[in-house]
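In: 3D model of this:
(2 chains)
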Number of protein chains: 2
Amino acid sequence: MTTLYSYYRSSAAYRVRIALHLKGVAHEQVAVNLARGEQHNDAYRAHNPQGLVPMLVTDNGRQLTQSLAICEYLEERYPTPALLPDDAESRARVRALCQAIASDIHPLNNLRVLQYLVQDLEAGDDAKLAWYQHWVHRGFAALETMLTREAGSGDFCHGDTPSLADVCLVPQVFNAERFACDLSAYPRIMRIADNARALDAFQRAAPGEQPDAV
Amino acid sequence: MTTLYSYYRSSAAYRVRIALHLKGVAHEQVAVNLARGEQHNDAYRAHNPQGLVPMLVTDNGRQLTQSLAICEYLEERYPTPALLPDDAESRARVRALCQAIASDIHPLNNLRVLQYLVQDLEAGDDAKLAWYQHWVHRGFAALETMLTREAGSGDFCHGDTPSLADVCLVPQVFNAERFACDLSAYPRIMRIADNARALDAFQRAAPGEQPDAV
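Out: Residues are numbered from 1 along each chain as shown, chains lettered A, B, ... in the order given. Model (predicted):
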């Protein structure tokens, strides 16, 4: 059985949940409570030295880490429905949109960074929120331009069906809304996110639907 | 002609330079001077809304952004020598090592983040250096464990030939050394980096060898 180590509010785990549901891969979940620091337990770090979620244990027992690496693996192992387009240039575009979120927005705003800001740099609540919103706005402004101007965009980030870019976009929008970011300047992002969130696979992967949601 | 928009000290651009040289792809370079802020110029942003390097213009005129997306494109367009292994699980491992660097270390330490720390959070030189070294050590400690313990490691991150993981590792080691990080706790990382840096392709891609190096 495929097993996903997940936390309901982790947007990296959320990406993998969406991909699993889009591809209809049967799996079970094991909760790793980041709020309680369970990712730092020796038992978990013995499997994942980074102490991060998600981790996927495949049906043949291999432990895979890093959400985008796991998504690419799922794309190779379960090719239908495809989450990457056919031609190399379009695949590069989808992967660039993924990285613009997964490398350039999300890592700056995840739990361990916010903890460092507060504990080591003594940032107050206002400074922490300003940091969070700064990187969302900087990233989303660029994404909105890319999605508006580049050939390839459609009802979804690339064309009219979900791709790995939408798999990354929806959790990032969820995070931005959770941290009270005003997203009115990004109508294209929001239209695509709404199209995606209307789909069953995205709904089943949503944080509030997970067994460990509180 | 394939054209790379690059800055000699950008580690994301450095990754793409290594991949181009490993694959023997003829290309020219255009320098974008990040220290002078040229990435924010309207002319550059018209091509790359994120205002980041690298950008690759392919031989058929497509503009590709995001270093890992570009590296995956090069792997698909120029499959020899392969920079990803054959089986899906090993490919996932290499991609996870890439992301452990490109998502979990590098974005926290790049220029725009250091500028924010100084300008908006009023961090002093000591606090900025402590931030930089914190994320290098946290990331390298996990990488060292992965490279030591996981099946698959060899003279390089995966096996005995360079992969995309080495393409990411060498620029990150360069950055860490530039910011005076003590890397003595990471003998496996350093042995692999030294093996890679002994190769012609890595040497030709090094910051000091670029036409815009100062």
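In: Would you map the helices across chain A?
Out: With DSSP state H as the definition, chain A shows helices at residue ranges A:11-23, A:42-45, A:67-77, A:88-102, A:111-119, A:125-149, A:164-178, A:187-197, A:200-205.
In: Using PDB, write down the CA coordinates of the fifth one.
Out: Written as PDB, here are the backbone C-alpha positions of helix A:111-119 (Å, rounded to 0.1, in the frame of the first residue of the first chain):
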ATOM      1  CA  LEU A 111       6.900  27.200   9.700                       C
ATOM      2  CA  ARG A 112      10.600  26.900  10.500                       C
ATOM      3  CA  VAL A 113      11.400  30.200   8.900                       C
ATOM      4  CA  LEU A 114       8.600  32.000  10.700                       C
ATOM      5  CA  GLN A 115       9.900  30.500  13.900                       C
ATOM      6  CA  TYR A 116      13.400  31.800  13.200                       C
ATOM      7  CA  LEU A 117      12.100  35.300  12.500                       C
ATOM      8  CA  VAL A 118      10.300  35.400  15.900                       C
ATOM      9  CA  GLN A 119      12.800  33.500  18.000                       C
END
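In: Can you check what angle separates that helix from helix B:111-119?
Out: 20 degrees (axes from the mean of the first three to the mean of the last three Cα atoms, to 10 degrees).
In: Name the residues that touch helix A:111-119?
Out: Here helix A:111-119 makes contact (Cβ atoms under 8 Å, 6 or more residues apart in numbering or on different chains) with A:Leu34, A:Pro107, A:Ala123, A:Ala127, A:Lys128, A:Trp131, A:Tyr132, B:Leu108, B:Leu121, B:Trp131, B:His134, B:Arg138. Glycine gets a C-beta too; all of them are placed from N, C-alpha and C.
In: Ok, the last one next?
Out: Residues lying outside helix A:200-205 but in contact with it, judged by Cβ under 8 Å, 6+ apart, are A:Tyr14, A:Arg17, A:Ile18, A:Leu20, A:His21, A:Leu22, A:Pro162, A:Val170, A:Ala196, A:Arg197, A:Glu209.
In: and what of the third one?
Out: Contacts to helix A:67-77, defined as Cβ under 8 Å, 6+ apart, come from residues A:12-13, A:15-16, A:19-20, A:23, A:25, A:54, A:56, A:58, A:64, A:82-84, A:98-99, A:102, A:164, A:167-168, B:88-89, B:91-93, B:95-96, B:98-99, B:103.
In: Buried only: go through these for me.
Out: Among those, those classed as buried by 16 or more other Cβ atoms under 10 Å in any protein chain shown are A:12-13, A:15-16, A:19-20, A:23, A:25, A:54, A:56, A:58, A:64, A:83-84, A:98-99, A:102, A:164, A:167-168, B:88-89, B:91-93, B:95-96, B:98-99, B:103.
In: A:Ala19 is in contact with A:Val167, isn't it?
Out: Yes - the pair A:Ala19 / A:Val167 is scored as a contact, 5.4 Å apart, by Cβ atoms under 8 Å.
In: Find residues that contact each of the two.
Out: Residues touching both A:Ala19 and A:Val167 (Cβ under 8 Å, 6+ apart): A:Cys71, A:Leu83.
In: ok, A:Glu28 - how many residues close by?
Out: The burial count assigned to A:Glu28 is 10, neighbours taken as other Cβ atoms under 10 Å in any protein chain shown.
In: Then A:His47?
Out: A:His47, neighbours per other Cβ under 10 Å, totals 11.
In: Hmm, A:Leu56 and it touching each other?
Out: No - under the criterion of Cβ under 8 Å, A:His47 makes no contact with A:Leu56, lying 11.0 Å away.
In: Spit out the residues that contact these two alike.
Out: With Cβ under 8 Å, 6+ apart as the test, A:His47 and A:Leu56 both reach A:Tyr5, A:Gln63.
In: Tell me which two of the contacts of helix A:200-205 sit farthest apart.
Out: Considering Cβ to Cβ, no two members of the contacts of helix A:200-205 lie farther apart than A:Pro162 and A:Glu209, which are separated by 17.5 Å.
In: okay, the two: which has more neighbours?
Out: Ranked by neighbour count (other Cβ under 10 Å), A:Pro162 and A:Glu209 place A:Pro162 first, with 26 against 11.
In: Report the contact partners of the more buried one.
Out: For A:Pro162, the set of contacting residues under the criterion of Cβ under 8 Å, 6+ apart consists of A:Leu22, A:Pro81, A:Leu83, A:Phe156, A:Ala196, A:Leu199, A:Ala201, A:Phe202.
In: right, and A:Asp212 touches A:Tyr5 too?
Out: No - with the criterion set as Cβ under 8 Å, A:Asp212 and A:Tyr5 do not qualify as a contacting pair; they are 10.9 Å apart.
In: neighbour count winner among those two?
Out: Using other Cβ under 10 Å as the criterion, A:Asp212 and A:Tyr5 rank with A:Tyr5 on top: 24 against 14.
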